[in-house]
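Undergrad: sequence isn't available, so here's the structure alone:
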């Protein structure tokens, strides 16, 4: 089920330059959400009509709360960052499919790049087996590092070399000599493209969470499609809806 | 007092005047997860062609001030899948079904209309106004002669009443409305989107892969109300008004300007319940002003002076 709720913000914290973590009190959404899903968050300014799709970072089922960690990318997200505890936001969710949790891998890579890091937090908690968490940051502002370290062994790459390995997530995997059975990843498209190639070369299963500009967020408007290898269930062409059929796809089923 | 929200479109009785604008609501499945579609007067489907269309490259949408641009490019599964899957789905609800038909040529439109002739659908809406496809679409919607001709051809093949959906990207909407009427249209719907463009100054690039897209949302509403008014003055056909309707207040403007029914489009993205709430709000307005029939409001705008 999908729900529209007026959620109360219970905590709002800046955790790095332009990156904020926000806890939302929900009625139903936290109960049903799984790692890798997202919420549509609506602006309170009516001149910004479209919801902002934001991935779920943490799910607190006990207290019915969801944590969103997001980057200020424009006026809409800047408005969210200016909200204080006690303020409310309209949200719809949980949306999308989420990562598969039932594959029974013994050892996996959880790989996040930049603002693709947040969904790895809840995934690292709910996925069984050994987790090698590889996070790619711009610099030494290592947001969510503490949360991620609780979920597995963490490896860091930074673009400027100010922390961990200088370079990208693949450099961190190679320099640390890491191996695993599968990849679960979210991040910028060039990173996902490189991981798709890497996983294919290594014979690993690979699950990628994609991003695209969305309008409805529920699969109706066909704005956020990606190219797929097989015909899709909706239009019977080769276009999968990122918001509805994804955002998580088996890497070899999509073109990047 | 008993309030009657029903309206009549070419002999089809809608329980209320509120429907969904084509392309914003799929075939209803996604929004049926939020509410019972029986709350609506009709569901207007996403455009369907004779064969599957893959649509345009992404990015396909961009937000603008109080609106959005889209260049989806009429991605659709084709009429055969539509008949097999989407019509039976919609038949589960107590609402009228309006199928939006798109095509690249006159014979494409006629082929789809023929295939729908024995189907349990209530009205056909012919999309001669999509700004986002190179062939067909708007090419038929910007010249009165072409519009009259495609209307006449479609009418020869159609078993259900035909709605011609008009483009706002024309010099005289009244002239286009008269052309559709002359071709035999049963109903008009307007407006489709206004052609627009957005540029990313940091990347110095078009935001949409298609460069141009169709502008919709509250930003276009005053233009749409004016065009519905002019079309209503020009012809005697019933009109479905749309363009930026977010709630019952917006919908009532269109009805007072001359629309018999209204469509909620982009607002579905801002609020999944927008169409249902619009229908409820019209009823509340009738109760507030003791207006017995919606019909009494159609074209009932006057001057303050």
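TA: Cool, the structure landed. Remember, it's a predicted structure, so these values are computed and weren't measured experimentally.
Undergrad: flag every residue of the stretch 151-256 of chain A that's near chain B.
TA: Contact residues (C-beta under 8 Å from any C-beta of the partner chain) of the stretch 151-256 of chain A with chain B: A:212-226, A:234-239, A:244. Every residue, glycine included, has its C-beta placed from N, CA and C.
Undergrad: could you pull out the helices in chain A for me?
TA: Using DSSP state H, the helices of chain A run over residues A:29-32, A:75-81, A:119-126, A:145-149, A:169-175, A:189-202.
Undergrad: most neighbours per residue, which of those?
TA: Highest mean neighbour count of the helices of chain A: helix A:119-126, a mean of 24 (counted as mean count of other C-beta atoms under 10 Å in any protein chain shown).
Undergrad: what mean pLDDT does that one have?
TA: The average of the pLDDT scores along helix A:119-126 is 98.
Undergrad: next one: stretch A:1-16
TA: If you average the pLDDT over stretch A:1-16, you get 97.
Undergrad: give the buried residues for that stretch.
TA: A:2, A:3, A:4, A:5, A:7, A:9, A:12, A:16 (16 or more other C-beta atoms under 10 Å in any protein chain shown).
Undergrad: look through chain A and tell me its longest strand.
TA: For chain A, the longest strand by residue count, based on DSSP state E, is strand A:3-16.
Undergrad: show me how far it is from its chain's centre.
TA: Put simply, strand A:3-16 sits 16 Å off its chain's centre (C-alpha atoms, centre = their mean, to the nearest Å).
Undergrad: which helices and strands does it pack with?
TA: Judged by 3 or more C-beta pairs under 8 Å, 6 or more residues apart in numbering or on different chains; DSSP states H and E, strand A:3-16 is in contact with strand A:19-25, helix A:29-32, strand A:65-71, strand A:88-95.
Undergrad: who wins for proximity to chain B among these?
TA: Among the helices and strands packed on strand A:3-16, strand A:88-95 comes nearest to chain B, with 6.5 Å by C-beta to the nearest C-beta.
Undergrad: pull the contacting residues for residue B:77.
TA: Contacts for residue B:77 (C-beta atoms under 8 Å, 6 or more residues apart in numbering or on different chains) come out as A:234, A:235, A:236, A:237, B:48, B:52, B:85.
Undergrad: please apply the same query to residue B:121.
TA: In this structure, residue B:121 makes contact with B:87, B:97, B:98, B:99, B:160, judged by C-beta under 8 Å, 6+ apart.
Undergrad: and it, what are its phi and psi?
TA: Per-residue torsions, residue B:121: phi -120, psi 150 (degrees, to the nearest 10).
Undergrad: just confirm residue B:30 contacts residue A:215, I think it does.
TA: No. Contact criterion C-beta atoms under 8 Å: residue B:30 and residue A:215 do not qualify, at 11.9 Å.
Undergrad: who's more crowded, these two?
TA: residue A:215 (27 against 22; other C-beta atoms under 10 Å in any protein chain shown).
Undergrad: go ahead and confirm residue B:91 touches residue B:97.
TA: Yes. Contact criterion C-beta under 8 Å: residue B:91 and residue B:97 qualify, at 7.5 Å.
Undergrad: overlap of the contact sets of the two?
TA: residue B:120.
Undergrad: more neighbours: the two, which one.
TA: Higher neighbour count among residue B:91 and residue B:97: residue B:97, with 24 against 13, using other C-beta under 10 Å.
Undergrad: ok but that one is inside a strand, no?
TA: Yes. Looking at residue B:97 with DSSP: H, G, I helix; E, B strand; the rest coil, it is inside a strand.
Undergrad: ok now do it, which residues does it touch?
TA: B:42, B:43, B:45, B:87, B:90, B:91, B:120, B:121, B:122, B:123.
Undergrad: residue B:228: which of the buried residues of stretch A:1-16 is nearest?
TA: residue A:4 (29.9 Å; C-beta to C-beta).
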